[in-house]
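Engineer: mind folding the following:
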Amino acid sequence: MSPGRPGAPRWSRRGFLSTAATVGCATVSLGTAPPAAGSPRSAPQGGGTGNSLFGALDAKIEEGMRAYAIPGAAVGVLLDGQEYVKGYGVTHVDHPVPVDGDTVFRVGSTTKTFTGTTVMRLVERGELELDAPVRRYLPDFTVADPFASAQVTVRQLLNHSAGWLGDDYQDFGPGDDALARFVASMARLPQLTAPGEVFAYNNAALCVAGRIIEVLTGTTYEAAVRELVIDPLRLDHSRFSSDEIVGFNVAASHNVVDGKAVPEPSFWPQPRSLAPTGGLISSVRDQLSWARFHLGDGTAPDGTRVLSPQSLERMRSTPGPGGTLVVELDGMGVTWMLRPTAQGRRIVQHGGTWPGQISGFLMVPSRGFALTLLTNSEGGTRLRDELFTDDWALSRYAGVTNLPATAKSLSGQELTPYEGRYMAQRINEEGAVEDAVIELTRHNGRLHGTQTAHGPAGQDEAASEEEDSVQDQTTELGVAFYRRDFALDLGPEGRTVGTRSDFVRGPDGKVLWWRNHGRLHRHRTQ
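Structural biologist: Here you go, the predicted structure:
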């Protein structure tokens, strides 16, 4: 559900793997054949914007698909009131059905914006207050820290400043009680920072928001979102369960092995307990409709009022604490990443990562521009970065660019405060804790890192090998500073990879955390 790029913690895939999923009308099966050259592609779908304007975008996507082993992709663009929707490639390399604008993919963490929008509907109905404590709605809510348990607010859940360990992926089964059981289990989660003080990406917090929705509506999270948001907006290809997409054209998940796309059915399933943070299945046409709604006046296609313009504006304003999440952020609004530009215009963004399903979503409200991309391969991460992290699409279609950043060479004295060991944790589907440890040392005016991801203690070694993981995984990375505490991420070869991270200081002014891909890694100097 989170951005996964070079430099991000390489956790074991244990917990993401299960039996083959039956998707649509056919069981997704394992294969090794890459998509054939000249795989069928759909024609542009809907809107009146011609190919001439988007020919370069088509070429960019097709080149990325070839380079990064992406069998299928779909793109949607809103520009100057016109829409462009197009599918590329195939849903499955062994059963090559063309991707079109209605093909469904997992959208991962863009689901969070559906959770936030549902919350705003409850706010407008007078049933919920953003700045009220969570315990007003969930009296028994508890994390490990008593103060945070009592004081954390609904808004802090949605702007990722709740402060506790956020990567909790426990699976509590397919029942309607899955989310309630997940939230009850959060009593073990350690507090990293005080509520409201520091931005740190927090999947578990969005699950709490989903549970509040269940309690206030008296139904399941999925049913509430469908009733309050999906159905009024006529998002007919947006669902939460694989059972609901039978008969749809479904993009199967693919791994990349030896440079080729390989179908991997075990990537598709997702715990129901994670639905509010990343469970939505949707099409690029529906995602573009979602953008149009959030850039509009809050009405549905039939004119029904869904949200007021003021509520839409509240969702993308008043950011919480800032920092980095792949790009620099002013902070998070109500589930939206609020991203600055060199021109002063704000980008409103999200996107999602689930194994084999990589997506991007951004809007520039002042320009009336939106871009969304869905892919069905682990290789989609690279293409998403080229279109959503870099300036290529933003400068071409919206006239905005990233804040400038030029890598600097720092002295050893300047780098010394940042050296040391950094550690982050997550909880896998079985409830076991996994660690990622990164050692940063100064090297040629930059920091060089060695990262080791440790599987859960006691994990069976043979099982680990079968699950495409080993007990310890080591990779190299680095950072090059471009201003105080902010850095460009480097890959194993020492080259920039297009993403940014930053260091967070404690009350004493010393470096306390490295925020890498939105996660806080605690600094240890000894």
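Engineer: quick one: mean pLDDT for the helix or strand containing residue 255?
Structural biologist: Taking DSSP states H and E as the criterion, the element that holds residue 255 is strand 254-257. For strand 254-257, the mean pLDDT works out to 98.
Engineer: repeat for stretch 54-62
Structural biologist: Taken as a whole, stretch 54-62 has an average pLDDT of 97.
Engineer: swap in stretch 344-353?
Structural biologist: For stretch 344-353, the mean pLDDT works out to 97.
Engineer: residues touching the nearest residue to residue 103 once chain neighbours are set aside, list them.
Structural biologist: Using Cβ to Cβ, 6 or more residues apart in numbering and skipping residues adjacent in sequence, the residue nearest residue 103 is residue 249, 4.4 Å away. Every C-beta, even on glycine, is put in place using the N, C-alpha and C of the backbone. Applying Cβ atoms under 8 Å, 6 or more residues apart in numbering to residue 249 gives the contacts 24, 91, 97, 99, 100, 102, 103, 104.
Engineer: distance-wise, check residue 249 relative to residue 125.
Structural biologist: 36 Å (Cβ to Cβ, to the nearest Å).
Engineer: again, but for residue 204
Structural biologist: Using Cβ to Cβ, residue 204 is found at 26 Å from residue 125.
Engineer: neighbour count winner among the two?
Structural biologist: residue 204 (25 against 10; other Cβ atoms under 10 Å).
Engineer: helices and strands around the helix or strand encompassing that one, which ones?
Structural biologist: Using DSSP H and E, the element containing residue 204 is helix 203-217. Packing partners of helix 203-217 (3 or more Cβ pairs under 8 Å, 6 or more residues apart in numbering; DSSP states H and E): helix 111-124, helix 154-158, helix 178-185, helix 221-225, helix 275-278.
Engineer: tell me the gap between the longest one and the middle of its chain.
Structural biologist: In other words, helix 111-124. 17 Å (Cα atoms, centre = their mean, to the nearest Å).
Engineer: now do the helix or strand just after it: which elements does it pack against?
Structural biologist: The element immediately downstream of helix 111-124 (helix or strand, assigned by DSSP H and E) is helix 146-151. Counting contacts by 3+ Cβ pairs under 8 Å, 6+ apart, helix 146-151 is packed against no other helix or strand.
Engineer: average pLDDT for helix 146-151, rounded please.
Structural biologist: Across helix 146-151, pLDDT averages out at 98.
Engineer: likewise for stretch 115-128?
Structural biologist: 98.
Engineer: and the contacts of it?
Structural biologist: 129-130, 137, 154, 158, 206, 209-210, 212-213, 216-217, 221, 224-225, 228-229, 276-277, 294, 306-308, 311, 314-315, 334-336.
Engineer: report the buried members of those residues.
Structural biologist: Buried residues within the contacts of stretch 115-128, defined by neighbour count using 16 or more other Cβ atoms under 10 Å: 130, 137, 154, 158, 206, 209-210, 212-213, 216-217, 221, 224-225, 228-229, 276-277, 294, 306-307, 311, 314-315, 334-336.
Engineer: re earlier: in the sheet, which strands lie alongside the strand holding residue 255, parallel or antiparallel?
Structural biologist: Here strand 254-257 is paired, per DSSP bridges, with strand 260-263 (antiparallel).
Engineer: for the stretch 201-350 of the chain, which segments count as strands?
Structural biologist: Counting by DSSP state E, counting those that start in this stretch, the stretch 201-350 of the chain has strands at residues 254-257, 260-263, 281-283, 323-325, 327-329, 331-332, 337-339, 347-354.
Engineer: out of these, nearest to residue 146?
Structural biologist: When those are compared by Cβ to Cβ, strand 331-332 sits nearest residue 146, at 25.2 Å.
Engineer: model confidence over the closest one, on average?
Structural biologist: Strand 331-332 comes out at a mean pLDDT of 98.
Engineer: make sure I have this right: residue 382 is in a strand.
Structural biologist: No. Residue 382 is assigned helix when assessed by DSSP: H, G, I helix; E, B strand; the rest coil, not a strand.
Engineer: contacts only, for the nearest residue to it once chain neighbours are set aside.
Structural biologist: Among residues not flanking residue 382 along the chain, residue 68 sits closest, at 4.6 Å (Cβ to Cβ, 6+ apart). Taking Cβ under 8 Å, 6+ apart, we find residue 68 in contact with 256, 377, 379, 380, 381, 382, 383.
Engineer: please apply the same query to residue 502.
Structural biologist: Residue 502 makes contacts with 323, 324, 328, 485, 486, 487, 514, 515, as judged by Cβ under 8 Å, 6+ apart.
Engineer: for residue 343, same thing?
Structural biologist: Counted by Cβ under 8 Å, 6+ apart, residue 343 has contacts 399, 400, 401.
Engineer: could you list the buried residues of the strand holding residue 255?
Structural biologist: Across strand 254-257, burial judged by 16+ other Cβ under 10 Å covers 254, 255, 256.
Engineer: pretty sure the first one contacts residue 380?
Structural biologist: No. Counting by Cβ atoms under 8 Å, residue 254 stays clear of residue 380, with 9.1 Å between them.
Engineer: quick one: low-confidence ranges for the stretch 401-526 of the chain?
Structural biologist: Residue ranges of the stretch 401-526 of the chain with pLDDT under 70: 456-472, 526.
Engineer: try 80 this time
Structural biologist: Along the stretch 401-526 of the chain, the parts satisfying pLDDT under 80 run over 454-473, 525-526.
Engineer: re the thing from before, can I have the buried ones of the contacts of residue 343 as a PyMOL selection?
Structural biologist: Of those, the buried ones can be selected in PyMOL as follows, counting by 16+ other Cβ under 10 Å:
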select buried, resi 400
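Engineer: from the contacts of residue 343, pick the one nearest residue 187.
Structural biologist: For the contacts of residue 343, the nearest to residue 187 is residue 400 (43.6 Å; Cβ to Cβ).
Engineer: tell me the contacts of the closest one?
Structural biologist: Listed by Cβ under 8 Å, 6+ apart, the contact partners of residue 400 are 341, 342, 343, 345, 347, 364, 367, 394.
Engineer: drop anything exposed from those residues.
Structural biologist: For these, a burial check counting by 16+ other Cβ under 10 Å picks out 341, 343, 345, 347, 364, 367, 394.
Engineer: cool, thanks, signing off.
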